[in-house]
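Peer 1: Whatever this is, show me its structure:
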Amino acid sequence: MAINPDKLKLVKDIPFKAIVFGIARVPKSTRVFLGGSDFKVYEADLLAAKFEPKELYAHETYVTSVALTGNTLVSGGYDGKLIWWDISTNKQIRSIDAHSKWIRKVVVSKDGKFFASVADDMVCRVWDASSGQKVYELRGHEEKTPTHFLSMLYNVTFSADGKYLATVDKVGHIVVWDAKTGSQLATMEAPVMYTWDPTQRRHSIGGIRSVAFSPNSSLLAVGGTGKIGNIDHLEAKTRIEIFDWQAKKQLNEFTGDKAVGIVNHLEFTPDGAHLIGAGGAGEGCLLFIDVKEKKLVRQEKVGMHVHHFTLNEGADTIFSVGHNKLAIHDMNGEAKPKYAWLGA
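Peer 2: Here you go, the predicted structure:
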């Protein structure tokens, strides 16, 4: 089913008391799990008549990511911990001191068998989803930038076929790995997304914040921001680059002319026809790229800095989270969406 970004419409706008960094959704439902700046993990129904998030458990500091497979939820936070939670019994399965520095992202493989986590210790670790045992760890990113500041390992993703992993960092370094063996397959660079200011503040900012494989695993998209003039403000244009990773070649680059800030999350639609991005600065944005036509076809302000989103099964409904807000956008063109995929 092809989506139509021209029909994008806000269906529901939900205030929230904290910044939400991560969302995971139970398939074919609006039941979601959220993690954010108040250190807590919540369960909620986004289409409930009254939005009443239920607190499940807490980390010692920011919860930066949540991922779900079956009844197993895993959350990661700035405390370096990964917490396994059984959503059917509402009980903790295990807590692991997974990283020595801030965890930036936790993702689950498409078959649900593995979780991968990345953190500012510049290590990616892959975990068995059921046992919690570490399968292997990947080290392909430098701990410091070329100007001797500490770097950050922002994101990781699995390919849809489960064969590959990709990791991305602050200085724009990209590594693609063999997900079975943990061997390094390719490296690429997106240096425009990293800004170093040697005079004003002697400070670095930016980096690749988002990464996604196309459904056939041939393309790799990364998102961030362009060169920043004033490092105290996210004034640069949003930026997305698409690579043929096997050829180690950049194919396309897209800069927002209406949207500024950082692209925090990217997802290809299941048919591979579109690439959806989200992020922004204060006003936030949703971005839509027609992959075949190689065009940025829509840039939509959404009223919040978006940190993460998830798509429904048809990829025509977007559930996004960010600064003190959650939102549902729809592209099916109906005034009151029926959500047939929910059986409603």
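Peer 1: Please count neighbours and contacts with C-alpha atoms only from this point.
Peer 2: OK.
Peer 1: Quick check: residue 58 touching residue 41?
Peer 2: Yes. Using C-alpha atoms under 8 Å, residue 58 is in contact with residue 41, at 5.9 Å.
Peer 1: so where's the stretch 201-344 of the chain uncertain?
Peer 2: 201-204, 229-235, 333-344 (pLDDT under 70).
Peer 1: hmm, try it at 90
Peer 2: Of all residues in the stretch 201-344 of the chain, those with pLDDT under 90 make up the ranges 201-206, 226-236, 256-261, 280-283, 332-344.
Peer 1: Quick check: residue 121 touching residue 98?
Peer 2: No. Taking C-alpha under 8 Å as the definition, residue 121 is not a contact partner of residue 98, at 10.4 Å.
Peer 1: So between residue 58 and residue 41, which is more surrounded?
Peer 2: residue 41 (25 against 18; other C-alpha atoms under 10 Å).
Peer 1: where does that one land in three-state SS?
Peer 2: strand (DSSP: H, G, I helix; E, B strand; the rest coil).
Peer 1: Same check on residue 314?
Peer 2: coil.
Peer 1: Same question for the one 4 residues further on.
Peer 2: For residue 318, the secondary structure call by three-state DSSP comes out as strand.
Peer 1: Just give the number of residues close to it.
Peer 2: For residue 318, the tally of surrounding residues (other C-alpha under 10 Å) stands at 20.
Peer 1: Pull the contacting residues for it.
Peer 2: Counting by C-alpha atoms under 8 Å, 6 or more residues apart in numbering, residue 318 touches 309, 310, 311, 312, 327, 328, 329, 330.
Peer 1: Now intersect those residues with the helices, please.
Peer 2: Among those, none falls in helices (DSSP state H).
Peer 1: From the residues you listed, pick the one nearest residue 5.
Peer 2: Closest approach to residue 5 among the contacts of residue 318 (C-alpha to C-alpha): residue 330, at 9.1 Å.
Peer 1: number of nearby residues for the closest one?
Peer 2: 26.
Peer 1: Pull up the overlap in contacts between residue 121 and residue 98.
Peer 2: If you check residue 121 and residue 98 against C-alpha under 8 Å, 6+ apart, no residue is contacted by both.
Peer 1: which residue is nearest the middle of this protein?
Peer 2: residue 265 (3.9 Å; C-alpha atoms, centre = their mean).
Peer 1: Okay, and the beta partners of that one?
Peer 2: Residue 265 has these beta-bridge partners by DSSP bridges: residue 278.
Peer 1: could the contacts of residue 318 be laid out in a markdown table, adding distance to residue 220?
Peer 2: A markdown table is the format used below for the contacts of residue 318 (distance: C-alpha to C-alpha, whole Å):
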| residue | distance to residue 220 |
| --- | --- |
| 309 | 18 |
| 310 | 18 |
| 311 | 19 |
| 312 | 21 |
| 327 | 27 |
| 328 | 26 |
| 329 | 25 |
| 330 | 25 |
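Peer 1: related to what we said a few turns ago, show me the contacts for the residue nearest to the centre of the chain.
Peer 2: By C-alpha under 8 Å, 6+ apart, the residues touching residue 265 are 209, 210, 211, 223, 277, 278, 279, 307, 308, 309.
Peer 1: again, but for residue 36
Peer 2: Contacts for residue 36 (C-alpha under 8 Å, 6+ apart) come out as 18, 19, 20, 21, 22, 62, 63, 64, 65.
Peer 1: can you check residue 259 too?
Peer 2: Shown in contact with residue 259 (C-alpha under 8 Å, 6+ apart): 237, 238, 280, 284, 285, 299, 300, 301.
Peer 1: Give me the buried entries from those.
Peer 2: 237, 238, 280, 284, 285, 299, 300, 301 (16 or more other C-alpha atoms under 10 Å).
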